[in-house]
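[1] Quick check, what structure comes out for this input:
(2 chains)
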Amino acid sequence: MNNKYRTHNCNELRKEHVNTDVLLSGWINKKRDHGNLLFIDLRDNYGITQCIIDKENLNFIQLEKTQLETVVSIEGKVINRSKETINSEISTGEIEVSIKNFKILGTCKELPLPVFSDQEYAEDIRLKYRFLDLRRKKIHENIILRSKVISFIRNEMNKNGFLEFQTPILTSSSPEGARDFLVPSRLNPGKFYALPQAPQQFKQLIMVSGFDKYFQIAPCFRDEDARADRSPGEFYQLDLEMSFVEQEDVFKVVEKLMVNTFKEFSDKKLLFDKFPRISYKEAMLKYGTDKPDLRNPLVINDITEIFLREDVKFDIFKKLVKSGSIVRCIVTKNTKDKPRSFFVNIDKWAKEQGASGLAYFTIEKDEIISAKGPVGKFFSSESLGEIMKLTGAEKGDSLFLACSKQKEIEKITSQARNKIAEDLNLFDNNVFAFCWIVDYPMFEKDETTNKIEFSHNPFSMPQGEIDQLNFDEPLNILAYQYDIVCNGVELSSGAIRNHIPELMYKLFSIAGYEKKVVDNKFSGMINALSFGAPPHGGIAPGIDRIVMLLADEKNIREVTMFPMNQNAQDLMMNAPSDVSDKQLKELNISLKSKK
RNA sequence: GGGGGUGUAGCUCAGUUGGUUAGAGCGAUCGCCUGUCACGCGAUAGGUCGAGGGUUCGAGUCCCUUCACUCCCGCCA
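    A predicted model of the protein is given here:
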């Protein structure tokens, strides 16, 4: 590299360059002005080089007045630093550049937020001035990491014989799933395209087209409300699909890819090199969620049966159990000496979450087993023995109990599991704990409408021989449907697909879709499946979440270059925005007047 | 749509029980300083205390409404 802007970048110069004349360009990261001597830290994408100038130089006065973040080119000679002034924090710290001449390439107004600072800033300012924010060290490195992760993954996929294809961004709206982003069609007045929520149908069509193994770093668009780990609007998936495969074949490819990627880009250990497999049912019982954080050793146990015993006098729970509630508990090991406040705080916290609180007691043993704590007196020695058998609890352990209907109890025990583990400091933050969640039910019952719905992906293949499936009890049908979860983050979900049209019609009819509707809404798919479709399956790991875990960030916007805010607005580009009447007219759209 | 948190100088924040002229650090401007690397020292400018209303002799502080940001619930095949 040698042009009118630079001979070297800001992370290149070392001892061996001493006495060479160099030309550097970059941003003024920091100035230290000693009046007659001025230090300038010049920064570019690659690093920082200290440059120095003194009063003798005619440029001194102008350079002294130059704002931080001004872009300059600096001409000078590389010189040695004396031993005491070596800066071991930066890789160019053994040398500095003695400035002969400099030129301003891009001026800078007063900064709305400092670039050189580790401080945290309000997100709206960061998003409005994202180009400045992105100069800051941590996020700059996150974005570079993201680029490297993506090219690593792409390379791995290519090595494994996957072909990368693009699929349409303007496609049709589908009835299942999240809200669509719609795009009006000018040439077809009154009709709309939808942005794809995922290239789901296309990747299946690619298999039907005989391409065998496909992948894509695919943008996906869903009009959902945001969360810390969910950008509003758009996100990226490593979308992949394979023909003539069983669930195991997909697992093999993806597990290896995940292990390689996480080993390549993080120093954290993998808790399991072989990902444990947990059925959906087991996950919901033991962890209360289908995205359990397995760094957390606590598990949930069902002890409903205890409350049917005569020698248990805990009447509130007993009454609830009689009316269909269930009781689940979390055992904490050896917590008998924890202060009262530990227990009270967790109970209080549970109430803040909208639950009716968490009952608790600690198991003790002098002559006989007893329970200490506000509700301890309700349990006979024998019943406690039974609880210990059911839960594996021992003397000195404590139990936190919740009683309510299934959905609620799953929610509160799942949250409590994390809360208690946090309070007890049980999380190992230096590991990644992956697992597969498998055997998802094909259908579930909507609690309010009582209707049978697809619980996940309507295109999944049900488990078992087709002629032996019992469609009369659809809630018992499991699917070849699976998720990867890491540290409590849902990283991907996938399935072996249903490639048999008759079976698809059947499943859709259970979910209340007539054949006509299926033919209409999924015309491309259903049509294709009747012209010789291979058995196939795939998965789609979320790129943003993978990078978020690797960068050790809690928020997905920290690994997204230009994210929108929680209200799905781009504060930098001013999107969404008004459009002209002419544009609306062309699209055959008229707006209801705003209230 | 609902719940929690936050909102004071360009930025990050402090501000007591409601009490005189609302403070600090960074940044900006000016001055001093030849070995710093978060350089140091001194001075100056910079405020609709998110907005509106109310209580009060008096509101950054209490009450009501509202807006913005954020976290969570709903939502996310």
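[2] Every contact and neighbour count from this point should use C-alpha atoms.
    Noted.
[3] Check the secondary structure at residue A:26 for me.
    State at residue A:26, reduced to three classes by DSSP: H, G, I helix; E, B strand; the rest coil: strand.
[4] For it, list each beta-bridge partner.
    Under DSSP bridges, the beta-bridge partners of residue A:26 are residue A:72.
[5] In chain A, which helix is the longest?
    Longest helix in chain A, counting residues (DSSP state H): helix A:137-159.
[6] near RNA strand B, which residues of the stretch 451-595 of chain A?
    Applying C-alpha under 7 Å from any atom of the strand, we find that the stretch 451-595 of chain A lies next to RNA strand B at A:453-458, A:555, A:565-567, A:569.
[7] hang on, the earlier thing: return the list of helices and strands in contact with the longest helix of chain A.
    helix A:247-265, helix A:543-550 (3 or more C-alpha pairs under 8 Å, 6 or more residues apart in numbering; DSSP states H and E).
[8] In a markdown table: those helices, plus mean neighbour count and mean pLDDT.
    Shown next, in a markdown table, are the helices and strands packed on helix A:137-159 (neighbours: other C-alpha atoms under 10 Å; pLDDT from 0 to 100):
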| stretch | mean neighbour count | mean pLDDT |
| --- | --- | --- |
| helix A:247-265 | 16 | 97 |
| helix A:543-550 | 24 | 96 |
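[9] need the strands for the stretch 451-595 of chain A, in chain order.
    A:452-454, A:481-486, A:489-496, A:536-541 (DSSP state E, counting those that start in this stretch).
[10] any chance of the ones you listed in JSON lines, plus mean neighbour count?
    Output for the strands of the stretch 451-595 of chain A, formatted as JSON lines (neighbours: other C-alpha atoms under 10 Å):
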{"stretch": "strand A:452-454", "mean neighbour count": "20"}
{"stretch": "strand A:481-486", "mean neighbour count": "26"}
{"stretch": "strand A:489-496", "mean neighbour count": "23"}
{"stretch": "strand A:536-541", "mean neighbour count": "26"}
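[11] Mean pLDDT for these - can I get that in CSV?
    Formatted as CSV, the strands of the stretch 451-595 of chain A follow (pLDDT from 0 to 100):
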stretch, mean pLDDT
strand A:452-454, 88
strand A:481-486, 96
strand A:489-496, 94
strand A:536-541, 97
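[12] Using JSON lines, lay out those together with distance to residue A:123.
    Listed next are the strands of the stretch 451-595 of chain A as JSON lines, based on distance: least, C-alpha to C-alpha, whole Å:
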{"stretch": "strand A:452-454", "distance to residue A:123": "37"}
{"stretch": "strand A:481-486", "distance to residue A:123": "27"}
{"stretch": "strand A:489-496", "distance to residue A:123": "23"}
{"stretch": "strand A:536-541", "distance to residue A:123": "27"}
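[13] can the helix or strand hosting residue A:420 be found next to RNA strand B?
    According to DSSP states H and E, residue A:420 maps onto helix A:406-423. No: residues of helix A:406-423 contacting RNA strand B under C-alpha under 7 Å from any atom of the strand: none, with a closest distance of 7.8 Å.
[14] and the helix or strand residue A:281 falls within, is it in reach of RNA strand B?
    According to DSSP H and E, residue A:281 maps onto helix A:280-286. No: using C-alpha under 7 Å from any atom of the strand, helix A:280-286 stays clear of RNA strand B, coming no nearer than 13.8 Å.
[15] Quick check: which ranges of the stretch 351-500 of chain A have low pLDDT?
    Scanning the stretch 351-500 of chain A for pLDDT under 70 picks out no residues.
[16] quick revisit: give me the contacts around the longest helix of chain A.
    Contacting residues not belonging to helix A:137-159 are listed as A:133-134, A:163, A:215, A:217, A:257, A:261, A:265, A:543, A:547, A:551, A:558-561 [C-alpha atoms under 8 Å, 6 or more residues apart in numbering].
[17] Ok, stretch A:556-565 next?
    Under the contact criterion C-alpha under 8 Å, 6+ apart, stretch A:556-565 has outside partners A:124, A:127, A:130, A:134, A:139, A:142-143, A:146, A:228-233, A:544-545, A:547-548, A:551, A:553, A:570-571.
[18] Please identify which pair of the contacts of helix A:137-159 lies farthest apart.
    A:133 and A:163 (35.8 Å; C-alpha to C-alpha).
[19] So for the two, which residue has more residues nearby?
    More neighbours surround residue A:133 than the other of residue A:133 and residue A:163, with 22 against 16 (other C-alpha atoms under 10 Å).
[20] In contact with that one: list those residues for me.
    A:113, A:115, A:126-127, A:139.
[21] Lowest pLDDT pick from those?
    The pLDDT minimum for those sits at residue A:113, where the score is 88.
[22] Let me see the ranges of the helices in the stretch 101-250 of chain A.
    A:123-128, A:130-133, A:137-159, A:200-208, A:247-265 (DSSP state H, counting those that start in this stretch).
[23] Turn the ones you listed into JSON lines, including distance to residue A:177.
    Below are those laid out as JSON lines (distance: least, C-alpha to C-alpha, whole Å):
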{"stretch": "helix A:123-128", "distance to residue A:177": "29"}
{"stretch": "helix A:130-133", "distance to residue A:177": "32"}
{"stretch": "helix A:137-159", "distance to residue A:177": "27"}
{"stretch": "helix A:200-208", "distance to residue A:177": "12"}
{"stretch": "helix A:247-265", "distance to residue A:177": "23"}
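[24] closest one to residue A:507 among the ones you listed?
    When these are compared by C-alpha to C-alpha, helix A:200-208 sits nearest residue A:507, at 16.9 Å.
[25] Buried residues in the closest one, which are they?
    A:200, A:202-208 (16 or more other C-alpha atoms under 10 Å).
[26] Can you sort out which of these also neighbour RNA strand B?
    Near RNA strand B, by the rule C-alpha under 7 Å from any atom of the strand, you find residue A:200 out of the buried residues of helix A:200-208.
[27] So which of the buried residues of helix A:200-208 is the closest to RNA strand B?
    Of all the buried residues of helix A:200-208, residue A:200 has the smallest distance to RNA strand B: 4.9 Å, by C-alpha to the nearest atom of the strand.
[28] can I assume residue A:534 is in contact with residue A:206?
    No: if you go by C-alpha atoms under 8 Å, residue A:534 and residue A:206 don't touch, sitting 10.5 Å apart.
[29] Ok, which of the strands of the stretch 451-595 of chain A comes nearest residue A:64?
    strand A:489-496 (49.3 Å).
[30] What is the closest one packed up against?
    Looks like strand A:489-496 contacts strand A:481-486, strand A:536-541, helix A:543-550 (3+ C-alpha pairs under 8 Å, 6+ apart).
[31] between the ones you listed, which gets nearest to residue A:246?
    Comparing those by C-alpha to C-alpha, strand A:536-541 comes nearest, at 7.4 Å.
[32] Can you tell me the strand partners of that closest one and which way each runs?
    strand A:233-243 (antiparallel), strand A:489-496 (antiparallel).
[33] List the contacts of the helix or strand residue A:29 falls within.
    Under the criterion of DSSP H and E, residue A:29 resides in strand A:21-33. Here strand A:21-33 makes contact (C-alpha under 8 Å, 6+ apart) with A:5-10, A:38-44, A:64, A:67-78, A:115-116.
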